[in-house]
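Undergrad: I would like the atomic coordinates for the input below:
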Amino acid sequence: MLTCVLLSGGMDSAACIHYYRDLQRTVRALFVNYGQAGARVERESARAVGRHYGVVLDELSIAGPCTLPAGEIVGRNALLVMVAAMHFPERSGMIALGIHAGTTYYDCTPDFVRAVNSVLDGYTDGRVRCEVPFVGWNKADIWQYCRKVGVPIALTYSCEAGSRPPCGRCLSCLDRERLDACET
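TA: Down below sits the predicted model:
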């Protein structure tokens with residue numbers, strides 16, 4: 001069964017690739033440039049993670065007139081799942097997201113997953129499902145998983161400002177800084 005991992009280039013989606021490969025699933029990855037500030041650097045990281053795991057990485061760009069805010073982007077994960085559904089190369093399988101507990105974002109909750117699966121059911125008669133293996137884990141749990149199984153964290157990138165080096169001020173950078181500090 002094919003599993004299409006939405007690969008942002010960050011640690012959570014890189015962990016997803018490892019997770020599904022470890023289950024002996026056939027894995028492809030999809031990077032979507034939806035106008036995010038870090039698209040260029042995220043794409044570089046997604047490519048590096050894809051090469052590391054030897055998975056096919058498809059890349060799509062979506063153009064739109066809106067300016068995206070920092071922090072929560074309302075509808076982001078729903079958009080990504082629907083784009084993956086449109087792009088899905090098989091008639092059945094899984095679309096995987098690295099969402100996790102510990103955020104206040106609706107699109108990181110079991111309720112969101114149920115809702116998006118209901119929509120996918122309507123389009124695919126249940127043949128394509130959204131899976132979220134880390135929805136009950138917090139960021140530190142994913143960090144520990146990555147360290148334990150050898151996910152290449154150094155290849156990943158998460159900065160809402162999209163700067164290189166990372167800005168060090170956004171929520172993603174502060175999360176990473178706290179997790180790095182746990183290692184020392």
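
Undergrad: quick one: low-confidence ranges for the chain?
TA: In the predicted model, the chain carries pLDDT under 70 at residues 65, 183-184.

Undergrad: contacts only, for residue 109.
TA: Listed by Cβ atoms under 8 Å, 6 or more residues apart in numbering, the contact partners of residue 109 are residue 135. No exception for glycine: its C-beta is placed from N, CA and C like everyone else's.

Undergrad: helices along this protein, start to end?
TA: Here the chain has its helices, by DSSP state H, at 11-22, 39-53, 76-87, 110-124, 139-149, 171-183.

Undergrad: tell me how far the shortest one lies from the chain's centre.
TA: Centroid displacement of helix 139-149 relative to its chain, using Cα atoms, centre = their mean, to the nearest Å, is 15 Å.

Undergrad: list the buried residues in it.
TA: For helix 139-149, the neighbour count (16 or more other Cβ atoms under 10 Å) marks 139, 142-143, 145-146 as buried.

Undergrad: do the same with the fourth one
TA: With burial defined by 16+ other Cβ under 10 Å, the residues of helix 110-124 counted as buried are 112-113, 116-117, 120.

Undergrad: go through these and name the one nearest residue 19.
TA: residue 113 (15.8 Å; Cβ to Cβ).

Undergrad: next up, the contacts around that closest one.
TA: Neighbouring residues of residue 113 by Cβ under 8 Å, 6+ apart: 99, 130, 132, 135.

Undergrad: nearest to residue 2 among those residues?
TA: Among the contacts of residue 113, residue 130 lies closest to residue 2 (Cβ to Cβ), at 13.6 Å.

Undergrad: so what's that closest one bridging to?
TA: Beta-bridge partners of residue 130, counted by DSSP bridges, are residue 95.

Undergrad: and it, how far from residue 3?
TA: Per Cβ to Cβ, to the nearest Å, residue 130 is found 11 Å from residue 3.

Undergrad: same question, residue 154
TA: Where residue 3 is concerned, residue 154 sits at a distance of 24 Å (Cβ to Cβ).

Undergrad: more crowded one of those two?
TA: Between residue 154 and residue 3, counted using other Cβ atoms under 10 Å, residue 3 has the larger neighbour count: 23 against 8.

Undergrad: name all residues that make contact with the more buried one.
TA: With contact taken as Cβ under 8 Å, 6+ apart, residue 3 is in contact with 20, 25-28, 93-96, 131.

Undergrad: what is it paired to in the beta sheet?
TA: residue 27, residue 94.

Undergrad: what residues are up against residue 175?
TA: 139, 158.

Undergrad: one more: residue 73?
TA: Residues in contact with residue 73 (Cβ under 8 Å, 6+ apart) are residue 36.

Undergrad: ramachandran coordinates for it?
TA: Dihedral angles phi and psi of residue 73 (degrees, to the nearest 10) take the values phi -110, psi 100.

Undergrad: quick one: the nearest residue to residue 22 once chain neighbours are set aside from residue 14, how far?
TA: Nearest residue to residue 22 in three dimensions, chain neighbours excluded: residue 149, at 7.3 Å (Cβ to Cβ, 6 or more residues apart in numbering). From residue 149 over to residue 14 the distance is 11 Å, taken as Cβ to Cβ.
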